[in-house]
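Visitor: Quick one: sequence plus predicted model below, questions after.
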Amino acid sequence: MQLKTLIIAEKPDMGRNIAAVMEPKAQNRRTHLEGERFVVTWAIGHLVGLAEPDDYDPRYKKWKDSDLPIIPDVFKLSPNPRTKDQLKVIGELARKCGRIVNACDAGREGQLIFHFIRRHLKLTQPVDRLWISDLTPETIRRGFEQLASDDKYAPLTRAAQARSEADWLIGMNASRAFTIRHRALLTVGRVQTPVLALLYDRHREIEAFRPETYYRIEASFEQPGAKYKGIWQGDRLTDGAKAAAIADKVKGKTGTIASYEKAESKEYPFRLHDLTLLQREANGRYGFPAKKTLDVAQALYEKHKVITYPRTSSNYVTEETIPVMAKALDMLRGTEYGELAAGADRGKVHKGNKAVCNPAKVEDHHAILPTPKRPGSLSADEKKIYDLIVRRFLSHYYGPAVYRNHTVMTVVEEETFRTRVKQLLDPGWKVTQAEAEPGDKKKSRSKGAAEDEADEETLTDGEFAVDPEAPSRCKSAKAEEKATQPPKPYTEGTLLKAMESAGKAMEDEELRETMKDSGLGTPATRAATIERLKQVGYIRTAGKKLEIEPKGASAIELIRGAGVELLASPVMTGQWERRLVQIARGEASDEAFMDKVKLFARSIVDKVRQQPPAPAGTFQEPERKGGRKGAARAAGGRSQPASAAAGPSGRRSGAGSSSPAAPAKREGTRAGAAPAKRSGASAGAGPAAAAAGKQRPGGQQRPGTSALRASPASAGQPSASDVLSGVRERQAFGACPLCGGAVIEGSRGYGCSRFREGCRFVVWKEQHGKKLSVTMLGALLAKGKTGVLAFKGEDGQSRKGRLELAPPYTGETRLSLERS
């Protein structure tokens, strides 16, 4: 009997779409679909990732400087505990099949997901590769007709694995080195840290900006049958009296037109969407965060199948895609876009149109396009994103917008005024664009537009004409006070643009060329990078703006101050991307690349060791009224340091990730929480941080620096399980003195998130008649005792003393009164 072929898709929806085409009568087994020839199953993202440090050696659970750098000889893999059942299913199905099709996303990350599954399960069957850009039935059938051996993609696999392992080495070692040195959980990543540096530098530019006052003179002119305005030309005026004198001088006087020029110009459609362009447009028009746009686009692709693969970095298509585009255009004739589709000229999109068809600029996937599938019921947000994609698509079936540009130079009393008018002759592709939303800003295409905007008018109807031979009377003139403007804070849209073009200022031409097509991160990961910076408390959202938090500013200062500023520069990403591209093409060695990464990891650790600890209090945020809202979150009871920051292992750290040996007080701000007061922590405040961690009398280490033996909870007291039952994911207040897990909040106290694993640490919210504040808790966890507090004795008298954790550190406290 011939064995079946196992198809492994990246996600369930993708697997079901493939099964609907290749095995329409397949039986649904919940974890897979089985037909006569094919068994279709799926990953759920990264089922397997790079193992955490403590999977190599249990001692790495505690973050110690003496253990750094951590450089495995061979990288181990570890299943994601949340999806281990699905991984088991894939292994069982594979044993019954004679061939495998890798149907994960067509790209570097999809290749890595499949490779890790194959390697972990030790699959030995021959593997074919499905490489498609949309999930329409026609594309799926064509993809299976053109299957290639997965060996063809071996260089891409090596590049993907090298990227993952390199990110692991830098993220794990740099995060641990900085965290240990400065006693605060500081996450560092190859992409995350340069992005944070962009925000930091913009923050400093805004802080350092000093506005300058200047004056602009506008005059109104009249001719028989013509009226127009002009702007005074000359060196910038900073003297208000002089500006007013010029306005008075020309008012009511008659001048002449010294020159009048007319020229036609054309404006062509914007490029087809890649993911970053789509995210930028959705952010600017609707205020959508990058992640929301990605999620909506993914639903349009996977659930509705009305757009092509969204996680693309290309703005172009190949010749083979043009007939599919024509089918999508025909489909749109029967939708609300029917009038626009009917007016489209399909002859505009052809293989010779390099603004659309440019195979050299299509790697894994072409630009985002509507598919020939008619949209059904879409949510309001889905309609907005689909509308942006469709209108951009339709614009390329129309001609350019044509303008006549008028430039008039008028001289009055030896003072010159310039008039610029842009007259629309033919709207061309602009008829496909939606009406501007309220609050939308008109965007100009030219580089000088920002400077010229004030003295340029655009006429969409009517003629503009002046008589260059006739005199022009200055009917009015006025001097307006203006001020230079600071750089604008980043929004998610403008930050995405900066990430995309991060290498343009590089001096190295080869690096600049590499970064031109890649930037910081990939279209698929940029949204996650921004979200990660929010989650770790480095940045926050204020309306549409992104602002750096004090913790983020201090992190950049410490990184640059340690002499490893390359970590905060796009140069390293440019160097890596150049080498990874060469590895993917079979032009460079992944082993040589990894040798250099290991040397760099060692260098980071050595330099951070030599850095003075940041001043105490740098990362201590003030307690807020009603209790603190922000902090790093605990997941599965263990903190999420480097691996979650840099994303190297392909899975999020959760239960099983390592904890810092001596965590600082609570860091960061949860996404969506009120920000901490920014006093004393602006980017100009200088590096900070952290010295803490004194020895106890007799040489005993303070709680949190070593694992202590657990003991039962006190008699009559609820257990940690009683207090914390039902806890899913909470913010971490510090490390558990017993086991190193995360201390999180319960209904009556603060306990270890590893309570289900048997840890009994609980400290109650009421202590010796005093409510335990977050600051007091932080001191207990970090130093084993609070600062001096006031307590009421049994006699009603106030006494000063400290709360101390009592051995064996299960959470009981004792009151140590100060001597009077």
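Guide: Thanks, I have the structure now.

Visitor: was I right about residue 434 contacting residue 391?
Guide: Yes: counting by C-beta atoms under 8 Å, residue 391 is a contact partner of residue 434 at 6.3 Å. Just so you know, the C-beta spots here come from the backbone N, C-alpha and C atoms, and that holds for glycine as well.

Visitor: for the chain, where's the lowest mean pLDDT among helices and strands?
Guide: Ranked by mean pLDDT, DSSP states H and E, the helix or strand of the chain with the weakest confidence is strand 633-635, at a mean of 31.

Visitor: Could you report the neighbour count for residue 251?
Guide: 16 (other C-beta atoms under 10 Å).

Visitor: Tell me the pLDDT of it.
Guide: Per-residue pLDDT puts residue 251 at 97.

Visitor: Spell out which residues sit in contact with it, please.
Guide: Counting by C-beta atoms under 8 Å, 6 or more residues apart in numbering, residue 251 touches 219, 474, 476, 477.

Visitor: same question, residue 417
Guide: 217, 219, 221, 230, 231, 232, 233, 409, 410, 411.

Visitor: which residue sits closest to it, ignoring its sequence neighbours?
Guide: residue 230 (3.1 Å; C-beta to C-beta, 6 or more residues apart in numbering).

Visitor: Could you look up the SS state of that neighbour?
Guide: strand (DSSP: H, G, I helix; E, B strand; the rest coil).

Visitor: which residues does it form a beta bridge with?
Guide: Beta-bridge pairing for residue 230 (DSSP bridges): residue 219.

Visitor: didn't it look like it was pressed against residue 410?
Guide: Yes: here residue 230 reaches residue 410: they are 5.3 Å apart, a contact under C-beta under 8 Å.

Visitor: who touches both of those two?
Guide: 219, 221, 417, 418, 419.

Visitor: just the residues you listed now: which is nearest residue 547?
Guide: The nearest member of these to residue 547, counting by C-beta to C-beta, is residue 418 at 38.5 Å.

Visitor: quick revisit: pull the number of nearby residues for the residue nearest to residue 417.
Guide: Quick note: residue 230 (other C-beta under 10 Å) scores 26 neighbours.

Visitor: then the longest strand anywhere in the chain to CSV, C-alphas only?
Guide: For the chain, the longest strand by residue count, based on DSSP state E, is strand 254-267. C-alpha atoms of strand 254-267 as CSV (Å, rounded to 0.1, in the frame of the first residue of the first chain):
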residue,chain,number,x,y,z
THR,A,254,1.4,99.1,-7.7
GLY,A,255,4.0,96.7,-8.9
THR,A,256,4.9,94.7,-12.0
ILE,A,257,5.2,91.0,-12.8
ALA,A,258,8.9,90.4,-13.2
SER,A,259,8.5,86.8,-14.4
TYR,A,260,5.7,84.3,-15.1
GLU,A,261,6.5,80.6,-15.7
LYS,A,262,4.1,77.7,-16.5
ALA,A,263,5.1,74.1,-16.6
GLU,A,264,3.2,70.8,-16.6
SER,A,265,4.0,68.0,-14.2
LYS,A,266,2.7,64.5,-13.6
GLU,A,267,2.1,62.7,-10.4
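
Visitor: Next, the buried residues of that strand.
Guide: Within strand 254-267, the residues that qualify as buried are 255, 257, 260, 267, counting by 16 or more other C-beta atoms under 10 Å.

Visitor: tell me the secondary structure for residue 222?
Guide: Relying on three-state DSSP, one would call residue 222 strand.

Visitor: got a list of what it touches?
Guide: Per C-beta under 8 Å, 6+ apart, neighbours of residue 222: 472, 473, 475.

Visitor: what separates it from residue 408, distance-wise?
Guide: To residue 408, residue 222 is 13 Å away according to C-beta to C-beta, to the nearest Å.
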